[in-house]
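# sequence first, predicted coordinates after that:
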Amino acid sequence: MSEGVTAGFSSGLRPGSPSAAAGASRPGAMAAFLEAAGWGDVLPVQLAADASFRRYYRLRRGHDRAIIMDAPPPQEHVGPYLLVAATLRRLGLSAPEVLAEDRMQGFLLLEDFGDDTYTRLLDRGADPRELYALAIDTLAALQRRVAADDLPGLPPYDEARLLGEAALLTDWYVPAFTGAPLATAQREDYLALWQAALAQVMEAFPATLVLRDFHVDNLMLLPDREGVRRCGLLDFQDAVCGPPGYDLVSLLEDARRDVSPALRQMMTERYLAAVSGFDRRGFTRAASVLATQRNCKILGIFTRLWKRDGKPGYLAHVPRLWRLIETDLQEPALGAIGRWLDRHVPQAARACPVPPEAG
């Protein structure tokens with residue numbers, strides 16, 4: 001597989017480059033960016049869109065390939081991506097090389113890692129134990145190397161941010177699936193319960209680099225590389241400094257893909273053996289709290305994508321999310337949150353992935 005495009009064009013455009021011409025249309029701005037980067041003779045081919053405002057395009061010219069990230073301001077900003085990509089590469093991990101940039105217009109030209117995402121490989125029958133083991137080893141290496149190096153200047157994944165994410169369930173999912181908004185007092189009770197549960201997590205473990213979207217859609221196999229560099233990392237522009245268990249549960253309690261309990265347990269053990277020093281019971285408790293917070297957040301995000309953005313397809317994952325949440329609610333530290341959910345989100349509001357009006 002190609003390790004990226006060959007040399008032969010500018011390796012970095014300064015902010016304010018010609019593609020930042022005022023008033024240029026988005027296609028026109030992209031064309032100017034490509035011209036300045038030496039790819040003006042190649043037609044970009046759009047890749048699958050994600051849930052954000054970002055769009056990705058592939059460029060091919062002979063054996064050379066590259067990816068364009070189109071991150072339109074003001075909705076998106078490429079600065080965080082550039083910071084995290086540089087950090088990951090400094091730590092000896094595989095983030096795409098940035099071949100050209102225009103921060104003002106929100107365009108990046110990136111190394112093309114190819115098509116072998118974990119998702120595609122698993123769908124083709126690859127051994128999940130090998131792929132997940134590589135992902136776990138990569139995550140553990142990342143956290144060890146950050147601890148020995150330094151955390152980049154990223155936003156803290158603090159209590160306020162985690163609570164705001166947990167509130168997506170009350171603000172979007174509950175009214176959409178129960179038919180009525182919550183009373184202010186009920187919402188405040190929910191957030192108070194989360195505040196108490198999260199306090200145990202935030203106080204127990206030192207902060208690390210959290211990629212936040214560490215799951216099979218954003219991991220790639222790079223067989224021409226060695227060690228943990230064989231695991232290509234994507235979609236990390238929302239990285240923060242926060243609790244170490246978050247990326248682990250992002251991988252093993254995947255909103256979009258079933259992971260067997262046996263594989264989940266095996267990979268959790270592999271992670272704990274690799275990082276060492278964590279109190280096992282405390283880490284297990286923290287992982288359940290973080291997984292539940294994350295999955296409550298995702299329920300709200302998927303509902304918002306349907307109600308606000310006209311993208312109901314993500315609702316197909318709602319039953320899986322509730323299965324994961326209900327399993328994690330067996331953790332005693334989440335007992336009060338479980339009782340709140342039983343009162344305000346009845347089973348009937350958890351079982352219907354696509355309300356009639358979403359079709």
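Looks like it came in fine. Numbers count the residues shown, from 1 in each chain.
# residues in contact with V228?
G92, L93, S94, L134, D137, T138, A141 (Cβ atoms under 8 Å, 6 or more residues apart in numbering). Placement of C-beta: from N, CA and C, glycine included.
# low-confidence ranges in the stretch 251-359 of the chain?
The model of the stretch 251-359 of the chain has pLDDT under 70 over residues 352-359.
# strands along that one, start to end?
Remark: no strands are assigned in the stretch 251-359 of the chain by DSSP state E, counting those that start in this stretch.
# where does pLDDT dip in the stretch 101-250 of the chain?
Judged by pLDDT under 70, no stretch of the stretch 101-250 of the chain qualifies at all.
# now the helices for it?
118-123, 128-148, 159-168, 174-178, 184-204, 246-252 (DSSP state H, counting those that start in this stretch).
# re earlier: farthest pair within the contacts of V228?
G92 and L134 (14.5 Å; Cβ to Cβ).
# those two: who's more crowded?
Neighbour count, other Cβ atoms under 10 Å: between G92 and L134, L134 has more, with 17 against 12.
# hmm, back to that, of the contacts of V228, buried ones?
Buried members of the contacts of V228, counted by 16 or more other Cβ atoms under 10 Å: L93, S94, L134, D137, T138, A141.
# closest to P72 out of those residues?
Nearest member of the buried ones among the contacts of V228 to P72, counting by Cβ to Cβ, is S94, at 26.6 Å.
# show me what that closest one is bridged to.
Under the criterion DSSP bridges, S94 forms beta bridges with G232.
# ok, the contacts of V228 vs A192, which is closest?
Nearest to A192 among these, with distances taken as Cβ to Cβ, is T138, at 36.7 Å.
# thought the closest one was touching G232?
No. Assessed by Cβ atoms under 8 Å, T138 is found out of contact with G232, at 9.4 Å.
# need the residue closest to the centroid of the protein.
Centroid-nearest residue in the chain: D213, 1.5 Å away (criterion: Cα atoms, centre = their mean).
# could you pull up the contacting residues of it?
So D213 contacts D235, F236, D238, S250 (Cβ under 8 Å, 6+ apart).
# can you say which of the residues you listed are buried?
Judged by 16+ other Cβ under 10 Å, buried ones among the contacts of D213: D235, F236, S250.
# so how far is G28 from the residue lying farthest from the centre of the chain?
Ranked by distance from the centre of the chain (Cα atoms, centre = their mean), the top residue is D41, with 33.1 Å. According to Cβ to Cβ, to the nearest Å, D41 and G28 sit 16 Å apart.
# looking at the helices of the stretch 101-250 of the chain, spot the one closest to P80.
helix 159-168 (14.4 Å).
# residues contacting the closest one, please?
Taking Cβ under 8 Å, 6+ apart as the rule, helix 159-168 contacts 155, 187, 190-191, 194-195, 198-199, 202, 240, 293-294, 296-297, 299-301, 303-304.
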